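In: Mind folding the following:
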Amino acid sequence: MAPTPEFCGIAPDGMGALATSLRGAADRLTAFSREFEGRLRQNGIDTPALREIREIAHWGGLQVSMLRRRIELINALGAGAPELGGTAGTTSTAAGGQGLVRLPDELKDFDRAQELVKLYNEALLVSHHGDPQARRAHSYAEEVAELAGNPQAAAAFFVLLSPKVRDGLPNLIANTGSKTAKQDLAAFGKALGAALRAPALVPAFAKVRDDLVRPADNKPAAWNRLALLKAANAPSSVRSAAARTLVLDDFAKNPRQDWRAGGPAETKKYGLPTDLVAMGLEVLDGDGAAVRDAFSKMGGAGVTLSQADKMKLFLDHAKRAGTGDEVAGAFGRALEAGTEATTEKAGQHSQEAAAFAFDAIRTAAAFGTDLPIPAKDSMGVIAQSYVHEVVSGGRFDRAADRVSSMSPPEHWKSLPGVTPAFYLSPEDTSQFTKTFVGEDKASNAFNSAVARFRHDTLLSTARLDARSDDNHFRDISMMFGDFSSIAFRATVDVLGEKDAIADLARDFTKNTAGLMLGGVAFVQPAADMGWELAQAYIFSSASDLWADSFKTQVEAVTEERIDLVKRMKYEMASLLHGGGYPASEPPEELVSTATGVLKTYDEFVAEAKREAAGDKKWEQVLQKKLDVYENWMDSNEKLDSKIENSSRVQTSDLAENLLKARSRE
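Out: From the prediction side, this is the model:
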């Protein structure tokens with residue numbers, strides 16, 4: 001029968017009385033049949049009816065055994081319920097059943113859970129090791145996983161499982177020599193996770209839940225329990241409480257300990273860290289609410305460290321300990337989760353996530369280039385998600401002397417389409433950028449996010465200025481110019497000038513080549529190209545190696561001269577025209593038939609190469625096309641002035657120079 005919301009209860013005492021009565025009746029029937037069968041046989045009378053009576057008595061005996069097992073099960077699962085003298089659960093008198101223990105109405109799975117528990121408590125994990133034993137343990141582990149389909153039966157399994165076996169599962173499974181240890185632990189975790197997330201209908205499971213978040217006797221025991229909880233994908237409250245009580249509270253109070261806890265067999269089989277601190281962070285990974293709760297409460301009332309100071313403890317430990325890479329990697333992933341970097345949209349972060357990100361970014365910025373390498377990719381993920389905050393953190397047009405804060409600085413001017421949840425100082429912006437510069441995956445993802453952000457905000461402010469020219473387009477251009485200048489200096493500081501230029505030349509060439517496909521310009525490559533242009537401009541004005549490095553490398557691949565000025569002007573013209581900024585109709589040959597907007601510089605180059613014939617070089621064909629473009633811009637004075645201004649402010653190295661000046665003060 002399918003589970004129902006109606007009350008379903010069993011009275012253990014009543015069932016016991018029934019079993020006793022049935023036992024007595026079965027015994028009496030058995031005695032009666034034996035007595036009369038003997039008398040009747042003496043008189044030659046057949047006794048089929050008495051044989052039926054004996055079969056009834058035998059059936060009754062079997063039912064008594066079943067009832068006794070069921071009573072034992074019910075008493076075990078009902079431990080803690082007020083009906084059995086405990087303190088947990090709900091009284092049954094309101095449901096009309098004095099002395100009834102409320103349980104789900106499907107008990108077949110409970111019986112199977114009881115059978116599996118007997119196997120694991122008495123044989124599979126505690127008696128023998130070796131391949132046959134490991135294979136048996138694996139086969140039954142799959143049945144444990146199936147209990148997740150009935151979370152209350154899964155809860156019953158862990159109620160009946162020996163606490164010693166439960167807390168040592170990762171170690172016990174690994175010690176069988178199992179080749180499927182990771183899958184087997186995941187099976188137990190699946191059942192435990194289902195039980196932890198389900199409504200608490202099995203009263204005794206409350207004690208199991210409490211036991212999971214109690215301090216362990218030693219570090220290896222804590223490691224084993226955390227490994228099980230990680231496999232369980234436990235609810236946020238359980239993750240946070242377990243991580244704190246098993247390691248993080250103690251870590252906050254006394255971080256300078258030897259935190260190695262996982263044995264070599266377990267860590268290798270499960271792919272988990274040896275370090276207990278890293279293990280605590282692993283349990284929090286992927287659950288932003290659990291991360292934020294654990295960081296806010298770790299150490300308890302006796303620890304007065306700020307959240308940022310607590311974060312610093314992990315990075316200090318990562319730099320100091322031999323297991324530092326494990327800690328740094330887990331720490332970075334925990335920060336990703338706590339900031340909701342992969343679950344919330346940029347510019348639309350929740351207050352809780354943003355406050356956590358504010359501390360995370362400032363903490364990482366304090367380490368700058370010294371941030372442990374395994375955490376760097378995570379900083380790139382956070383930067384990508386908090387692109388509004390990072391890019392606007394480079395602004396020098398307003399509140400240039402500000403310190404990082406959650407509230408807007410005095411005299412700050414908000415810009416359309418830019419919605420930071422907090423406000424970084426230029427120094428923190430620069431230092432945070434240095435944490436992931438040079439990490440290809442992180443840098444590329446961040447640059448792509450900046451490129452899209454730049455393209456979208458410039459286009460939207462072009463539309464605003466088309467309706468009422470409040471110079472929003474110029475202001476946005478200035479913001480990206482400031483950030484580009486700061487990003488340039490951070491890149492050079494980390495990679496050195498030569499390598500920084502080589503990276504930019506490689507990206508510039510890649511984006512130029514990827515801009516055209518079948519004659520159609522795609523928005524994301526075009527957006528990427530625009531951001532690369534802004535960065536290239538800064539390099540060209542601030543780098544002594546520019547001409548001999550960037551231009552040589554790019555021209556060697558593209559066979560084109562690098563005309564940054566024209567590229568930038570044409571990009572600004574395309575964005576303004578696409579946003580409807582007032583201007584005369586451009587000549588037909590300037591507009592792409594595929595996109596309906598002004599052609600990009602690279603589209604003109606592609607056309608020129610296709611059209612060049614005979615003695616006419618493609619560069620000559622290109623120049624004629626660009627002359628038409630220049631004449632159209634010159635004929636629209638207001639548009640031309642806006643293009644010129646926005647191009648200049650995006651290529652200024654003012655922010656870099658101001659930042660250097662402030663660092664010398």
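In: Tell me where the stretch 451-600 of the chain has helices.
Out: 472-495, 497-514, 523-542, 546, 552-558, 564-578 (DSSP state H, counting those that start in this stretch).
In: residue ranges with poor pLDDT in this protein?
Out: The chain contains residues with pLDDT under 70 at 1-107, 123-134, 505-526, 528-529, 533, 535, 537-563, 661-665.
In: got a list of what the most centrally placed residue in it touches?
Out: With distances taken as Cα atoms, centre = their mean, residue 286 lies nearest the centre of the chain, 3.8 Å away. Taking Cβ atoms under 8 Å, 6 or more residues apart in numbering, we find residue 286 in contact with 333, 337. Every C-beta, even on glycine, is put in place using the N, C-alpha and C of the backbone.
In: any idea which helix or strand carries residue 335?
Out: Following DSSP states H and E, one finds residue 335 within helix 324-338.
In: hang on, the earlier thing: the residue nearest to the centre of the chain should be in a helix, yeah?
Out: No. Residue 286 sits outside any helix when classified using DSSP: H, G, I helix; E, B strand; the rest coil, being coil.
In: Next up, phi/psi of it, please.
Out: The phi and psi values for residue 286, taken as degrees, to the nearest 10, are phi 90, psi 0.
In: Give me the nearest residue to residue 320, chain neighbours excluded.
Out: Closest residue to residue 320 apart from its sequence neighbours, by Cβ to Cβ, 6 or more residues apart in numbering: residue 256 at 7.9 Å.
In: Grab the nearest non-local neighbour of residue 384.
Out: According to Cβ to Cβ, 6+ apart, the nearest residue to residue 384 is residue 449 (4.3 Å).
In: and the gap between the one you found and residue 246?
Out: Distance check for residue 449 against residue 246: by Cβ to Cβ, to the nearest Å, it reads 36 Å.
In: Settle it for me: which of those two has more neighbours?
Out: Each of residue 449 and residue 246 has its neighbours counted (other Cβ atoms under 10 Å); residue 246 has more, 27 against 22.
In: what's near enough to touch the more buried one?
Out: Shown in contact with residue 246 (Cβ under 8 Å, 6+ apart): 213, 215-216, 222, 225-226, 276, 280.
In: check contacts around the nearest residue to residue 357 once chain neighbours are set aside.
Out: Spatial nearest neighbour of residue 357, excluding adjacent residues (Cβ to Cβ, 6+ apart): residue 339 at 3.9 Å. By Cβ under 8 Å, 6+ apart, the contact list for residue 339 reads 288, 349, 353-354, 356-357, 360, 382, 385-386.
In: Same check on residue 115?
Out: Contacts of residue 115 by Cβ under 8 Å, 6+ apart: none found.
In: likewise residue 228?
Out: Counting by Cβ under 8 Å, 6+ apart, the residues that residue 228 touches are 166-167, 169-170, 185, 188-189, 192.
In: just the residues you listed now: which is nearest residue 530?
Out: Closest approach to residue 530 among the contacts of residue 228 (Cβ to Cβ): residue 189, at 47.1 Å.
In: Surely that closest one and residue 231 touch.
Out: Yes. Between residue 189 and residue 231 there is a contact under Cβ atoms under 8 Å: 2.7 Å.
In: Put together CSV for the contacts of residue 228, with distance to residue 333, secondary structure and neighbour count on each row.
Out: Formatted as CSV, the contacts of residue 228 follow (distance: Cβ to Cβ, whole Å; DSSP: H, G, I helix; E, B strand; the rest coil; neighbours: other Cβ atoms under 10 Å):
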residue, distance to residue 333, secondary structure, neighbour count
166, 27, helix, 23
167, 25, helix, 20
169, 24, helix, 23
170, 20, helix, 31
185, 20, helix, 26
188, 23, helix, 25
189, 18, helix, 23
192, 22, helix, 31
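In: can you list these in JSON lines and add distance to residue 403?
Out: Formatted as JSON lines, those follow (distance: Cβ to Cβ, whole Å):
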{"residue": "166", "distance to residue 403": "50"}
{"residue": "167", "distance to residue 403": "48"}
{"residue": "169", "distance to residue 403": "49"}
{"residue": "170", "distance to residue 403": "46"}
{"residue": "185", "distance to residue 403": "47"}
{"residue": "188", "distance to residue 403": "50"}
{"residue": "189", "distance to residue 403": "45"}
{"residue": "192", "distance to residue 403": "46"}
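In: show me where the stretch 101-250 of the chain has strands.
Out: For the stretch 101-250 of the chain, the strands defined by DSSP state E, counting those that start in this stretch occupy 101-102.
In: quick revisit: return the subset of the contacts of residue 246 lying in helices.
Out: Residues of the contacts of residue 246 located in helices (DSSP state H): 222, 225-226, 276, 280.
In: May I ask which of these has the most neighbours?
Out: Of those, with other Cβ under 10 Å as the count, residue 280 tops at 32 neighbours.
In: isn't that one right next to residue 245, touching?
Out: No. Counting by Cβ under 8 Å, no contact exists between residue 280 and residue 245, whose distance comes to 9.8 Å.
In: Distance of residue 427 relative to residue 450?
Out: The value you get for residue 427 to residue 450, if Cβ to Cβ is used, is 19 Å.
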